[in-house]
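K.L.:
After the sequence you'll find the predicted model.
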Amino acid sequence: MLVLPDYSLAACNTLAVPASARAYISVTSDTDVVEALALATEHHWPLLPLGGGSNIVLAGDFSGAVLHLGLRGIEQVGEDSEHVYVRAAAGENWHAFVQHCLARQWWGLENLSLIPGTVGAAPIQNIGAYGVELEEVFHELVAIDVASGLPVTFTREACEFRYRHSIFKGRLQDRYIITQVTFRLPKTPALNLGYPALKMLTDQVKPQALNPQTVSDLVCQIRRQKLPDPAVIPNVGSFFKNPVVDAARFASLQQTHPDIVAYPQPAGVKLAAGWLIDRAGWRGYEEGGVAVHAEQALVITNPGRRSGRVVLALAERIVQSVVETFGVTLEMEPRVY
Ligand code: FAD
Ligand code: NAP
C-alpha cells in the first residue's frame, strides 16, 4: 500500500480538472483495502474510491483520501454447457478485459468495447453502449463493506441494476469498495446489431466475416470517430443521462418538435439528450476553455483544463436552456465530488 499526502488529481480524472486530495492511497490487494479503510477512519478522511476517473467531476479539492484501486487479475472460475464464468479484479482496465475475453471466444462484451475505466467501476452505473448493458453478462461481485472491512457478495438481483444505475449509485452509495466482478459469458455468439450506427457498418461486412471480434472492431471505429479521446481532449463521455418521459408528455413534445429523437421503453419514452442539447443550440459551443463537443452534444469537453466549477457552470446553463426549450430536466451522469 502506498500513501501520499496532498496529491494532485489532475492526471487521475479524464476531465483533467486541476484538483488535489488530502491523501492518495494506492491499493493492490484486499488486505490493502482493509488497511486503507482503517487509516481513513483513524484520520476521519472521507473516501473517494477511484478507478480511471472517467465518470467523476471534481468540483474542488477533495478533503479526504482517494483510494486508487490497482487490484489485478483475470481468471476463468467456472463453466456450464452454455457459459463461462470469468472473474476480474476491480483494477483491470475495462477495454483490455473485453479484448482478453474476445481472444478466448468468451462472448457478450463486444458492444461494450472501448469504454474507458476499470472493471470495478463498471457495475456502479451498469455501463451500457449500443444496446447492451453490463447487467446482461453480470454474474456477481465482491465488495468490502466500508464500515466493517468485511467482504460481501452481491448477486445480480442484489445490485438493483437500472438504466445507467445500480444500488451503488443509490442507497448503498459510498458504503462498499468493489474488489472483483464475475461475468457469465455465452459460449455461442448472439450479435446485437440494433443500433443504427453499428448496423450501417455491419451491413457492409460479409455475413461469414461477421463475428463478435468484428463487431468489437466496428464499435471501436465508430467511437474513435465520434467521441473525443480523453487523452487529447479532456471529457467524461456523456455528461447527462437520456431522460425518460411518459407517453402523454412525449406526444405533446412530438407535436411541437416532430423530428424529436426518441425510443420507446417499457416505462415511457427515452429522449436522446444529445438531440435536445443540440436543438437548444449548444452543439459546438465553446467559451472560456470549456466546450460542447461538435460531433455529439451530450459530451462536455474541457480543452482549457479549467476547474470543475467552470465545467459545472456550463452544464447548469445547458440544463436551464433545455428546460426552457423543451420543459425537460436533464440529470447529470458523472458523480460530482
Ligand atoms: P471512476 O470515474 O474512477 O469512478 C466512477 C464512480 O465509481 C466514482 O463514484 C467512484 O468512486 C466509483 N468507483 C470506481 N471504482 C469503484 C470501486 N472499485 N468500488 C466502489 N466504487 C468505485 N459509460 C457508459 O456507461 N457507456 C459508455 O459507452 C461510456 N463511454 C464513455 C466514453 C468516454 C470518452 C468517457 C470519458 C467516458 C465514458 N463512459 C461511458 C463513462 C465511464 O467510462 C464509465 O462510467 C466507467 O465505468 C467509469 O470507470 P472508471 O474506472 O473511470 O470510474
Ligand atoms: P447514438 O448511437 O448517436 O444514439 C443517440 C442516442 O439514441 C443514444 O443516447 C442512444 O441511447 C439512443 N439510441 C440509438 N439507437 C437506439 C436504439 N436502437 N434503441 C434505443 N436507443 C437508441 O449514440 P452515441 O452518442 O454515438 O453513443 C453510442 C452508444 O455509446 C450509446 O449506447 C451511448 O449510451 C454509449 N456512450 C455512452 C457514453 C457515456 O458516457 N455514458 C459515452 C459515449 C457513448 P443510449 O445512450 O441509451 O444507448
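P.N.:
Nice, thanks for sending it over. Ligands and ions are numbered 1, 2, ... in the order given.
K.L.:
Run a quick neighbour tally on the nearest residue to G120 once chain neighbours are set aside.
P.N.:
By the measure of Cβ to Cβ, 6 or more residues apart in numbering, the closest residue to G120 outside its immediate chain neighbours is A90, 2.6 Å from it. Bear in mind the C-beta positions are built from the backbone N, C-alpha and C, glycine included. The local packing of A90 (other Cβ atoms under 10 Å) involves 28 other residues.
K.L.:
where's A90 relative to M332, distance?
P.N.:
Taking Cβ to Cβ, to the nearest Å as the measure, A90 falls 24 Å from M332.
K.L.:
now swap in A209 and tell me
P.N.:
Distance check for A209 against M332: by Cβ to Cβ, it reads 40 Å.
K.L.:
where does whichever residue of the chain sits closest to ligand 2 land in three-state SS?
P.N.:
Here the residue of the chain nearest ligand 2 is G237; by Cβ to the nearest ligand atom that distance is 2.4 Å. Going by DSSP: H, G, I helix; E, B strand; the rest coil, the secondary structure assigned to G237 is strand.
K.L.:
how far away is it from ligand 1?
P.N.:
3 Å (Cβ to the nearest ligand atom, to the nearest Å).
K.L.:
Equivalent analysis for F168, please.
P.N.:
In this structure, F168 and ligand 1 are separated by 6 Å, where distance is defined by Cβ to the nearest ligand atom.
K.L.:
Phi and psi next, for that residue.
P.N.:
Geometry field for F168 lists phi and psi as phi -80, psi -10, criterion degrees, to the nearest 10.
K.L.:
So for the nearest residue to it once chain neighbours are set aside, what's the pLDDT?
P.N.:
Distance criterion Cβ to Cβ, 6+ apart; nearest residue to F168, sequence neighbours excluded, is I124 at 4.9 Å. Reported pLDDT at I124 in the predicted model: 98.
K.L.:
Please renumber the chain so that the first residue is 775 from this point on.
P.N.:
OK, 775 is where the count begins now, so the last one is I898.
K.L.:
which residues does I898 contact?
P.N.:
Shown in contact with I898 (Cβ atoms under 8 Å, 6 or more residues apart in numbering): 829, 940, 942-943, 952.
K.L.:
SS state for it?
P.N.:
Taking three-state DSSP, the label given to I898 is coil.
K.L.:
for N885, same thing?
P.N.:
Here N885 is helix, with the state taken from three-state DSSP.
K.L.:
Do I have it right that it meets V993?
P.N.:
Yes - using Cβ atoms under 8 Å, N885 is in contact with V993, at 5.9 Å.
K.L.:
for the chain, which strand is longest?
P.N.:
The single longest strand within the chain, with elements called by DSSP state E, is strand 950-960.
K.L.:
Mean confidence (pLDDT) on that one, please.
P.N.:
The average pLDDT for strand 950-960 rounds to 98.
K.L.:
Over to stretch 859-878?
P.N.:
Computed over stretch 859-878, the average pLDDT equals 98.
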